[in-house]
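**Student:** Give the three-dimensional model of this entry:
(3 chains)
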Amino acid sequence: MSDARSEILGAVRDAIAKSHGSAAGGPTDIHADARSRLADHAANLIPARGRLGRKARVDLFIREAERVNATVARVSSTSGVPREVARFLAKNNLPMSLKIAPETSEDTIPWTEQTLLKVEEGRADGTEHASVSHAFAGVAETGTLVVLSGPGNPTTLNFLPPTHICVVAAPEIAGDYEEVWSRLRSEKAGEETGGGFMPRTVNWITGPSRTADIEQTLLLGAHGPQRLHIVIVDE
Amino acid sequence: MSETPARQPSIGLFATCLVDLTRPSVGFAAAKLLEDAGCKVSVPGQQSCCGQPAYNSGDAADARAIAQTVIRVFEGFDYVVAPSGSCAGMIRHHYPALFENDAKWLARARALADKTHELTSFLVDVMKVDGLEADYDGVVTYHDSCSGLREMGVRDQPRALLGQVSGVALKEGEEREACCGFGGLFCVKYPDISGRMVDAKVDDILATGADTLLAGDLGCLMNIAGRLQRRGSDVRVRHVAEVLANMTDGPSLGEPGDESKK
Amino acid sequence: MKSTAANFEDNAEKALADDKLKAALSKLSEGFPAKRREAADRLPEFESLRDQARDIKSHVLANLDFYLEQFEARVVESGGTVHWCRTAAEARTTILRICRNAGAKTVTKSKSMIGEEIAINEHLEHHGVEPVETDLGEYIIQLRHEPPSHIIAPAIHLSKEQVADTFRKSHPHLAPERALEEPRALLEEARSELRQKFLAADVGLTGANMLIAETGSIALVTNEGNADLTYSLPKTHIAIASLEKIVPTLEDATTILRVLARSATGQDMSVYNTFCTGPKRAQDLDGPEDFHIVLLDNGRSKMLGGEFHDMLRCIRCGACLNHCPVYKSIGGHAYGWVYSGPMGAVLIPNLIGLDEAGHLPNASTLCGKCEDVCPMRIPLPRMLRSWRTQQFEAGKTAPLSRSLLRAWAFVTARPWLYRIMVAPAVSALAALGRKGGRFRRLPLAGGWTKHRDLPAPEGGTFVSRWNRGERPGEKKP
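**Tutor:** I've put the predicted structure just below:
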C-alpha cells in the first residue's frame, strides 16, 4: 500500500503547491506555521463560563452535570465514599455489589467498612450491576468527567455496567478542558507507554448514555450506563 | 418630510422585473417613499432584470452580460435602490463575484455594489427616515425573505418603518425567517417540493391570525399569495412599500381589480 | 451503495406522499433547530468559536500533507498501523484483510459515514463476515436494509411502530406477546440483542470524528456509548476516516468539539467524547490489542485547492440538514445516496459524479440558511451554484430550461428589446386577469399553477408608466 500512500500524499502536495503558486517568491518552509502549531499546542478561545474560583467552579460542575442527568454527591474525604455509594445503591434499589477500578481499591477507599457492599476489583465483563472508576479530572464548563484508561482504571467499567459511579477529587475539577490537557501533558510526560503522555483511552463523559433515535424521544441508557453518579471528594 | 437635505442624493430606482411587469404600484410606492425621504428619484428606461435567474442557473456568461448592462445604466447615481432584497443582494454580492477575473469590470461592479441598497434598509439606515405619514388598519405579519435577511441584513428596518404606520398591529410568525419555497426557477422546476415549503409558510402565516401578509420581495409574495388563495384564504398580501407609502387603495396581490379605478 | 440520485424527482415525489415521513420530519424541525439556538445562546463565545473552528480546518487543509505524515508517525510510535487507501475498493479490501487476519466472524460497528460511503457492510457480508451496526438508529436501518436518512439521526424517518415491526421480523427470539409500543421497550429490546454482539465481536470498526496529528489519536463522539463498547471489547480496533478529518492538536480538537454537539443536537457536549491512542498498553486490563487506521482519500485530494475545497472543512454535524427547508420537506432518502441535505448536495456530485447527481445542486432555493448555521461556515450556496455553472457549461442543464433561460437573458440584456417584447405580453395577461385578479391555470405555467394561483399583473409596466409621467397618489382618506 506504500504505493497508495505516496500517490495520495503526492496529490495532496500538488494541490497545495498549486494554491501556494500565486504567492511571490515562495517561503522555504511552507509548513513553518504548522510546525510551530504542533510544538506550541496553544489554546484557542476558551469560553469565560468555567473561569471561576474553586468553590464556584465546583458548583458549576455540579449544576452542569445535573443538567445532563448525572447525579452528584459530595463527601469530605475518601473515607466517606463507601457510605455514599451504599446509600446511592440502596436508594435506587440496586444490588449491593460493585466492580471497582484497582485505583479505587482498599488502599485508597475503605470499602470494607461498608460490610453490606460486595466489592470486586477488575475490568467489566458485562455481568456487573454497577462499577466504580476514578476520574483524572472534572470540567466545570459542561459537567464533564475526564477518565483515563490504565492498569488501575479499565475503560470497560465506564461503559458496560448499567450504573456507573465515578469518583473525582474537588481540587481536580478544572474550569475548562484546556486546563486538563495541560495537566495531562505535564503529569504524564515521559511515560513509557508508547503513546507519549496519552493513555490508550481518554474518555470525556458528560452525563449518562442516551439516544433520541426513535422518534426523537430522549431515553437514557442506550448502550452505556443508564445512571451516572458522581462522587466529589472535597479534601 | 419637513427638512430638506443639504443635497438631494440621486437615486437610480431599480424596479426589478417582477415589479416592472406585474405590480407597478410597488414601484410607485418605492419612488414616493424615496422622494418623501428627500431623494431625487430616476427610473432609467434601460433597465430590465438583474440577471439572477441566469446566475442561479449556472449561466455565468449571460449573467455577466446582463450585469454589464445594469452597471452601465446605474453607475452614475449616488445610490441604487431596489424594492427587493433578492435583486439588491444580486448586485451587492454577486456582481463582484461574476467579474472576479476581469479587473476592469470588477472595479465597476464593486463600485456599484457598494452603493446598492434594499429599499427599507436604505430608508432606515441611510436616510434615517422617521415619522412616516401613513395608516393601515390591520393585523399584519411579516415574511423575511431569504436574500434580504441573510445577504442584506434586512430584519429590523421594515419593522421599524411599520412601527411608524398608524393602525398597524404586527403579529410575528414563528417561522418568519423560513424560506417560502419560491427560489426563482426552483418553484417551477421542483413544483411539489416548493408546494410543500409554501404550504408550511402559509400554515405559519395563518397561525398568526393576521389579516395581511407583508414582505419586501415580490417573488416570495406572489408565491405565498398564490398558495394562500389556492387554499381559499382571504389574507391580503402586499409589498411592504405599499403600506409604508400609504398606497393601499388598489387591489392586493391576486385580488380582483376594481374597474372604476382603472 | 447503489445511487438513486438520478431519480431524485421520483424519490422526492414518493417522500412527499409519505405521511409518516412528514410527521417524522416535522418532529425533527421542531427539535434540533430550537435546541441549537438555545445552546448557542447559552455560550456567548459561540460565533467566535465558529470562526476559530473554520480557521483551524482551513489551516489544516493548507498543510494537509504535513499533518497526515505527522499523524501517521505518531500512530506508528504508539503501536498502531495506518493503511492508506485511494479508493473505496481499496478501503474495503484492506478492512476485509484485517478482519480475516483477526479470524473475525463478527464485526461490531459504530456509525460511520465513511463506512456508508464505501459500503463496507455489504462487502463484509458478501465475504462471510457479519457486520453489526450498534448505533440504535443505524442498527434499525441495517435490519431494514436502508441507507441512513440523516447523518446523525439515521432512522429519523421511521415511526416507533415501524421500528417495532422491524424488530418483530428480525429478532428470532422475540416473544410475540412482548409489548413494543413504547420507545423505551424498543430500546431495551435492541440493547439486549446488541449486548451479546458487543461481547462476542472479534473486530470493532469505528469511524473517527477527528484525527489528531499531535498525538496520533482519533476522536470518537457518541451519545449512546456504542463506539466505546465497539473499540474496547474486541481484540482488534479498526477506525476508518477520510483525509480531511485531521486536526493539529488536542486544543484544536477541543475547539471543534465545542461547536460540534451544539450545532448537531443542541447539546453543549455529546455524552461520550473519546480519544484513542494506539492499542492497549502492556499492563492494561482491557482495550484492543491491535489498532488500525484506514485512511481514505476517495476523491478528497481532488477537491483540495479546487472549487469545493471548503467542503473539506465539514465535520458532519447535520446542522445544514436540520435547518434546510428542502430536507425538511423530503427527508434524506430522496437524495439517493448516503449523504443528504445541503452538504450532501455539494458532496455527492464530488463522489459519484455530476451526471448521476445532477439534480441535487438544483433542488435548492439557495435560501442561505445552511451557511448561516454551518459551524465551519462552509459557503454551501456558492458551491451549489458552482455545480450549476459546471452543468450549464457542459450543456447538461435541462434543454427546455436552458433555452428559456437563454431567451430571457438575451432579451433582458437588451432593455429595448425587453420593452418591445415583454410589455405587450404582460398587458395582454393583465387584461385577461383583471376581473379575477388571478389565474388558477395558465398555458406554460403548469409548474407554478399546480399548487398555487398566479396573481394577475396590474397592467402596464412600471418603468414606462413612470416615464410617461404617471404618479398615482396616496389612498383616499
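**Student:** for B:Cys50, what are its contacts?
**Tutor:** B:Cys50 makes contacts with B:Phe14, B:Thr16, B:Cys17, B:Ile66, B:Ala67, B:Val70, B:Ala82, B:Cys87, B:Met90, B:Ile91, as judged by C-beta atoms under 8 Å, 6 or more residues apart in numbering or on different chains. Heads up, the C-betas are built off the backbone N, CA and C, glycines and all.
**Student:** got it, and B:Ala210?
**Tutor:** B:Gly138, B:Val139, B:Val140, B:Thr141, B:Lys171, B:Val235 are the contacts of B:Ala210 under C-beta under 8 Å, 6+ apart.
**Student:** got the buried residues for the helix or strand hosting the third one?
**Tutor:** Which is B:Val140. Assigned by DSSP states H and E, B:Val140 falls within strand B:135-143. Applying a neighbour-count criterion of 16 or more other C-beta atoms under 10 Å in any protein chain shown, one finds B:Tyr136, B:Gly138, B:Val140, B:Thr141, B:Tyr142, B:His143 buried in strand B:135-143.
**Student:** Columns pLDDT on top of those residues, output as CSV?
**Tutor:** As requested, the buried residues of strand B:135-143 are exported to CSV (pLDDT from 0 to 100):
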residue, pLDDT
B:Tyr136, 97
B:Gly138, 95
B:Val140, 98
B:Thr141, 98
B:Tyr142, 98
B:His143, 98
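**Student:** Pick the one among these closest to B:Tyr55.
**Tutor:** B:His143 (23.1 Å; C-beta to C-beta).
**Student:** Tell me what the closest one is bridged to.
**Tutor:** Beta-bridge partners of B:His143, counted by DSSP bridges, are B:Ala215.
**Student:** Helix, strand, or coil at the residue of chain A at minimum distance from chain C?
**Tutor:** Closest contact between chain A and chain C, by C-beta to the nearest C-beta, is at A:Gly224 (2.5 Å). Secondary structure for A:Gly224, judged by DSSP: H, G, I helix; E, B strand; the rest coil, is coil.
**Student:** Now do the contacts for it.
**Tutor:** A:Asn158, A:Phe159, A:His164, A:Pro208, A:Ser209, C:Glu224, C:Gly225, C:Asn226, C:Asp228, C:Leu229, C:Val271, C:Tyr272.
**Student:** again, 6 Å this time
**Tutor:** Residues in contact with A:Gly224, defined by C-beta atoms under 6 Å, 6 or more residues apart in numbering or on different chains, are A:Phe159, A:Ser209, C:Gly225.
**Student:** show me which of these neighbour chain B.
**Tutor:** Among the contacts of A:Gly224, proximity to chain B is found for none (C-beta under 6 Å from any C-beta of the partner chain).
**Student:** out of everything not next to it in sequence, what's closest to the residue sitting nearest the centre point of chain A?
**Tutor:** Central residue of chain A (C-alpha atoms, centre = their mean): A:Val146, 2.2 Å from the mean position. Leaving aside its sequence neighbours, A:Val146 sits nearest to A:Ala137 (C-beta to C-beta, 6 or more residues apart in numbering or on different chains; 4.4 Å).
**Student:** same check, this time on B:Leu206
**Tutor:** Nearest to B:Leu206 is B:Ser233, by C-beta to C-beta, 6+ apart, at 6.6 Å.
**Student:** same thing with C:Gly459?
**Tutor:** Excluding the flanking residues, the one nearest C:Gly459 by C-beta to C-beta, 6+ apart is C:Ala430, at 3.8 Å.
**Student:** Now do the SS call for that neighbour.
**Tutor:** Going by three-state DSSP: C:Ala430 is helix.
**Student:** Chain A versus that one, what's the distance?
**Tutor:** The gap separating C:Ala430 from chain A is 49 Å, by C-beta to the nearest C-beta, to the nearest Å.
**Student:** This completes my enquiry, with thanks.
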